[in-house]
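Visitor: Give me coordinates for this.
(2 chains)
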There are 2 protein chains.
Amino acid sequence: MKSAIAVEKGAERYADGDLHPFDQKNEMFKRPLWDPMMLDLGKKFYFDRISPRNTPGYTLYDQALVNAAWRLEDDCAQGVRGGKMGMYAWDWAGKFSYPRVRKGLKVKVGDPNLMSRNIKKAATFFGASLVGICRVDRRWLYSPLYLITREGGKVVENDLPETLKYAIVIAIEMDYEGIGTAPAHPASAATGLGYSRMAFTAGLLAQYIRGLGYQAIPCGNDTACSIPLAIDAGLGELGRNGLLITPEFGPRVRLAKIFTDLPLTPDSPIAFGVWEFCQICGKCAEKCPSQSIMRGGPTSETHNISNRENVRAWHINAETCLAFWVANGTDCATCIRVCPFNKPWGAHHEFIRWVISTQPRFNRFLLWVDSALGYGKKKAPQRFWGGSSLTPPDILEE
Amino acid sequence: MKSAIAVEKGAERYADGDLHPFDQKNEMFKRPLWDPMMLDLGKKFYFDRISPRNTPGYTLYDQALVNAAWRLEDDCAQGVRGGKMGMYAWDWAGKFSYPRVRKGLKVKVGDPNLMSRNIKKAATFFGASLVGICRVDRRWLYSPLYLITREGGKVVENDLPETLKYAIVIAIEMDYEGIGTAPAHPASAATGLGYSRMAFTAGLLAQYIRGLGYQAIPCGNDTACSIPLAIDAGLGELGRNGLLITPEFGPRVRLAKIFTDLPLTPDSPIAFGVWEFCQICGKCAEKCPSQSIMRGGPTSETHNISNRENVRAWHINAETCLAFWVANGTDCATCIRVCPFNKPWGAHHEFIRWVISTQPRFNRFLLWVDSALGYGKKKAPQRFWGGSSLTPPDILEE
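Guide: Got it, this is the predicted structure:
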């Protein structure tokens, strides 16, 4: 019972006109550094730290969990700022390079199919929840780049070599219980942990490819847009919430990618009924705390410069979204929590996914069942911590 | 059906005389840097890289997997060399310190029991397979330390503050299929991945504790001996193979620890029949490729300066063990693979553990069954890679 079917077009299927590389300075987390309209919000987002509260999900426990979850990304990867360091280094790096492989060896790739299987085994071994391969469509590269440095934002050319013709896209599952508390902090902790795990797995997989004698560039959010690459690599479809929806975890994943010149066989893009289901569902739009998600049918209408032109889908209002994050004191994942495709693993969910992918006439009924069963409802953050006995701590100020 | 029972003594139970801190320069991976007897072996171990072979488990795929698995430990932690950097940094570090928590806040710990539950939730969330807490017995600290630096070995005092009275010990499960190929490279890859995951989880957990306003020092193999700390923290017993045997995974774990001044409740040490079972079993001793594991009953007899004095157990001959690693071209985990306590999760295994812990008279019969069922046999490395179709690659030399 396979719920996803191979389709011809990847991210290209959402085109409504010519698609061009996206100028990274227009991306939501970069505009607060230069856009006069966003400077005030940006200061709050990047520098204000609100005090912990006695509200479950907003205590110092919760805040500290978020902070810790990001540790590897923040200190040894920095993909959200531009990458190119630590686990996202573009080369071997380290003081003890090539420590366990002889230098100058290169695998002769006889069969790219076998090589692709081999890479997928390594990716899974290193912690990838899903892995797919695509040819690099350079329209998905950010160009130019906009890096966050200690001195502020910086525009630079995208120097990803054209010889790296393949991208390996990995998805990292985020914690179901954590996301279930969105928009409270345990959801942000699940997000932060996703970022740190992205860096872990992409960094190790890139090093594996280097050990086979090929170039490999591991990236988090930097260098290129992950979602179109993931769609091209057959990991899922685009959803109303602007996120990649995967058959296995719905939108409850984070994405990383490794660019390489290792000869591989691209996977086929897939469809499994998301496009149709999102048209009748609107849970994310309805439940979004800042009403930043469009209702109605797909459109190429955009909100502002943070949306990509000539895409017919549902565009997110990233300005109001970020404003809610600042007011909330942490990021939000409500549109991930409430999505009917966000389910823990279960054979019955497998079956329903198959129905959605083959019998769209049941979509409205299934949507009704989903709500009736209480899926997507916010879970009490105390339960994430293992019981209501965990009361908010007293805080001493030093 | 609980297989492990609380016992009074932790690692102290193996004492046969006074125990003192271990001089780290006598530890097996440090002696190759200074001990005249070990210098030749050390050069090979640290600098020679043998060519890949056409033997499954020893190809360039396998070697590259090992190299990649160690990436985080090698580049962003270095616990095997001395720690104190990257994920094992002793303080907040990073260019963006305290990014998601306000400075100067401190949780008032009303109930150390609740705090311990909270810490265990965070540890598990960050990837710990097992977690336990003990008071720090400073006899388990290395003293003095012996660090591996770019300029060679260096003796320094152990400056772990005495105010850090508790250790949180985490165990990271290693891949069952990988370890099953020992002493081939996929087992080393499982080991390397264990080291990288140790750094990941310990680094995040330490950051969490700092966010609560307390000191936390994350360590891999550095700073203190992990096994006695883990025994004190109730994670398992000492086995004939010189390793910690846990009820859940047997010896198939790696250990990391976080020292902290956060008030916690120590766990009770446990026993579940390992001491008795190891006396009638001798699989690790029988199958050890270098015959570095003692047969017969427990003894305080040592092989050389790499063994701790006044411990009555089974001492490993680390010299012959390391010599086999060098000859093998990678480390070995045969004593982990063949141990009857090394099992994947399964309800029937839970039951048998319960029998072992309560009805030792069946030990010989169970040992016979274990062998008869073929557990512990070396698995073909091709199967690890997903099928015998994966033939060794042709290698180009550049």
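
Visitor: Angles on the backbone of the residue of the stretch 151-300 of chain A found nearest chain B, please.
Guide: As assessed by C-beta to the nearest C-beta, chain B sits closest to residue A:211 within the stretch 151-300 of chain A, at 2.8 Å. No exception for glycine: its C-beta is placed from N, CA and C like everyone else's. Dihedral angles of residue A:211 (phi, psi; degrees, to the nearest 10) stand at phi -70, psi -20.

Visitor: That one: neighbouring residues, count only.
Guide: For residue A:211, the tally of surrounding residues (other C-beta atoms under 10 Å in any protein chain shown) stands at 26.

Visitor: ok, now the one 3 residues further on?
Guide: As a burial measure, residue A:214 scores 19 neighbours (other C-beta under 10 Å).

Visitor: Go ahead and confirm it touches residue A:260.
Guide: Yes - using C-beta atoms under 8 Å, residue A:214 makes contact with residue A:260 at a distance of 5.8 Å.

Visitor: Nearest spatial neighbour of residue A:32, chain-adjacent residues omitted?
Guide: Spatially, and ignoring its direct neighbours in sequence, residue A:32 is nearest to residue A:42 (2.3 Å; C-beta to C-beta, 6 or more residues apart in numbering or on different chains).

Visitor: Residue A:117 sits in which helix or strand?
Guide: Residue A:117 belongs to helix A:112-125 when assigned by DSSP states H and E.

Visitor: Could I get the full set of helices for the stretch 51-200 of chain A?
Guide: Along the stretch 51-200 of chain A, the segments classed as helices by DSSP state H, counting those that start in this stretch run A:60-69, A:71-76, A:112-125, A:176-179, A:185-211.

Visitor: hmm, the first one touching chain B?
Guide: Yes - between helix A:60-69 and chain B, judged by C-beta under 8 Å from any C-beta of the partner chain, the touching residues are A:60-61, A:63-69.

Visitor: and that helix, what does it pack onto?
Guide: The contact analysis (3 or more C-beta pairs under 8 Å, 6 or more residues apart in numbering or on different chains; DSSP states H and E) places helix A:60-69 against helix A:185-211, strand B:105-108, helix B:112-125, helix B:185-211.

Visitor: Quick check: end-to-end length of stretch A:63-79?
Guide: 21 Å (C-alpha to C-alpha, to the nearest Å).

Visitor: Do me a favour and average the pLDDT over that stretch.
Guide: Stretch A:63-79 shows a mean pLDDT of 95 in the predicted model.

Visitor: what do you get for stretch A:234-248?
Guide: What stretch A:234-248 shows for mean pLDDT is 98.

Visitor: again with stretch A:326-343
Guide: In the prediction, stretch A:326-343 has an average pLDDT of 97.

Visitor: Check which residues of that stretch are buried.
Guide: Buried residues in stretch A:326-343, counted by 16 or more other C-beta atoms under 10 Å in any protein chain shown: A:326, A:328-343.

Visitor: so which of the residues you listed also contact chain B?
Guide: Among the buried residues of stretch A:326-343, the residues lying close to chain B (C-beta under 8 Å from any C-beta) are residue A:330.

Visitor: Show me the residue sitting in the middle of chain A in space.
Guide: For chain A, the residue nearest the mean C-alpha position is residue A:254 (3.2 Å; C-alpha atoms, centre = their mean).

Visitor: Can you give the contact residues for the helix or strand of chain A with the lowest mean pLDDT?
Guide: For chain A, the helix or strand with the lowest mean confidence is strand A:394-397, at a mean of 83 (criterion: mean pLDDT, DSSP states H and E). Residues outside strand A:394-397 that contact it (C-beta atoms under 8 Å, 6 or more residues apart in numbering or on different chains): A:52, A:60, B:104-108, B:110, B:213.

Visitor: Now do residue A:324 against residue A:36, distance only.
Guide: Distance of residue A:324 to residue A:36, computed by C-beta to C-beta, to the nearest Å: 21 Å.

Visitor: Can you name the residues that contact the residue of the stretch 151-300 of chain A closest to chain B?
Guide: Residues near residue A:211 by C-beta under 8 Å, 6+ apart: A:101, B:60, B:63-65, B:67-68.

Visitor: Could you rerun that using 7 Å?
Guide: Neighbouring residues of residue A:211 by C-beta atoms under 7 Å, 6 or more residues apart in numbering or on different chains: A:101, B:63-64, B:67-68.
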